[in-house]
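Q: what's the 3D shape of this:
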Amino acid sequence: MNVLSVFPVLSVIFGLVLIVFILFNKFGLGNDKKIRYVLSSLVFIYVVTALDYHLSINNQIPATYSGVTYFFYHFTGLLFYYFIALYTKSEINIKKWVPVVVGYTLVRILVFLPFDHDQNLQDFVEVLETSNYGVFVLVEYILVSAINIALMFLAYKKLKKAPLLIELNESEKNLYKWIKIIIAAIVLMQIVVFATTILGSLDIGHFNLYLKFETLIYSIFFFIFAFSIMHFPVFAYSGNFEDLSTSTIEKYAKSSLSDSSDLFEKIKAIVNKEKMYLDFDLKLNTVATKLDHSIHHISQAINQNAKMSFPDFISSFRIEEAKKKLMELKPDTIFAISLDVGFNSKAAFYTAFKKSTQMTPTEFKKLHNSLD
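A: Predicted coordinates for the structure are as follows:
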């Protein structure tokens, strides 16, 4: 038995264990269940792909179903990007993308309808190599792979640019660097998988070997990635007390902060008086230091009394300041106002303003002018 033959099986086993760990472990991924579901779905695609490869290689699956997991290939980049967006608490309009993804999926299915589905995976690839339609399928695979790689690269950039709401200690800094390295490696992994698939299609005699090698890469990188990222708290991005681990919440629930309302009033007063919200890089630690409380207590007071996260709480002050500036007789440009009130980009300002007022800054400005 070839040593590489065990890798698809190991990938399936590791993947299933990892999915259970992701869904039921309470540490690291926070209170939003969507994060766990999306990451589990991503790992599940790789698990099913590894199982498909194993059964196809050993002719233990009807030829009709051999290689059908390729239809899910384009979801890997989409799910990876969506996971990072959720993890970093970035805004993303899912409703806008659903029709695009559905159409994208239907087009991919239609590409493969003309083929004889009674062939096994290797025979199917071999037929493609000798058919005129094979060039079209190859272009389709290159396009889908390019989109996956691009989405994973954008996810990496999003993670790097996402603002952290707390100052990290040394161990957290090292873990954060490690996670960025792993994500960069996953982008490279996708490129390697793309290259091995192309090589496998050009070297039919060793096609199964390339499939086994792919599953080895998947099992190594995704196990390390999922395990690592679950040990870097979502709280660092959300500032939401509920995103802390269960043990930490229980610890602070038993602490001296029995009534958070007094602390919340102090937080509002100091943020407003010292205009702390004008600092686009404001962190929980800054407020905590000024009031001589832990960052967890500050977060707890805001979450329990304002019913919002720390970023939304600070944004509320920035939006009120922006409204005043927009209502001036000769207001600055919206971009200038967004920077003046503490936002680090026009896009972030537009998103926060619409979330708070149900209208864009431009619409608010026009409405105010019409009332005058």
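Q: ok, how many other residues are close to Leu329?
A: 5 (other C-beta atoms under 10 Å). Quick note: C-beta positions are derived from backbone N, CA and C, even for glycine.
Q: which SS class is it?
A: coil (DSSP: H, G, I helix; E, B strand; the rest coil).
Q: Need the contact partners of stretch 334-342.
A: 277-280, 282, 314, 318-319, 321-322, 325-326, 331-332, 345-346, 348-350, 361-362, 365 (C-beta atoms under 8 Å, 6 or more residues apart in numbering).
Q: distance between it and the chain's centre?
A: 27 Å (C-alpha atoms, centre = their mean, to the nearest Å).
Q: Can you point out the buried residues in it?
A: Applying a neighbour-count criterion of 16 or more other C-beta atoms under 10 Å, one finds 334, 337-339, 341-342 buried in stretch 334-342.
Q: Kindly report the same for stretch 149-164.
A: Quick answer for stretch 149-164 (16+ other C-beta under 10 Å): 149, 151-156, 158-159, 162-164.
Q: Which ones among those residues lie within strands?
A: The strands in this structure, assigned by DSSP state E, contain none of the buried residues of stretch 149-164.
Q: ok, these vs Ala306, which is closest?
A: When the buried residues of stretch 149-164 are ranked by distance to Ala306 (C-beta to C-beta), Pro163 comes first, at 19.4 Å.
Q: ok now the helix ranked longest in the chain, how far from the chain's centre?
A: Taking DSSP state H as the criterion, the chain has its longest helix at helix 170-202. How far helix 170-202 lies from its chain's middle: 15 Å, per C-alpha atoms, centre = their mean.
Q: That helix: which residues count as buried?
A: 172, 175, 179, 182-183, 185-187, 189-190, 193-194, 196-197, 200-201.
Q: Closest to Val102 out of those?
A: Using C-beta to C-beta, those come closest to Val102 at Gln190, 23.0 Å.
Q: what sits up against the strand or helix carrying Val111?
A: Using DSSP states H and E, Val111 falls within helix 94-112. For helix 94-112, the surrounding residues in contact (C-beta under 8 Å, 6+ apart) are 71, 74, 78, 82, 136-137, 140, 144.
Q: Give me the buried subset of those residues.
A: Here, 16+ other C-beta under 10 Å leaves 74, 78, 82, 137, 144 buried among these.
Q: out of the residues you listed, which one sits closest to Phe235?
A: Tyr82 (20.2 Å).
Q: Pull the residues that contact the helix or strand hosting the closest one.
A: Following DSSP H and E, one finds Tyr82 within helix 75-87. Outside helix 75-87, the residues that touch it by C-beta under 8 Å, 6+ apart are 29, 32, 34-35, 38-39, 41-42, 45-46, 90-92, 94, 101, 147-152, 154-156, 158-159, 183, 186, 190, 229, 234, 237.
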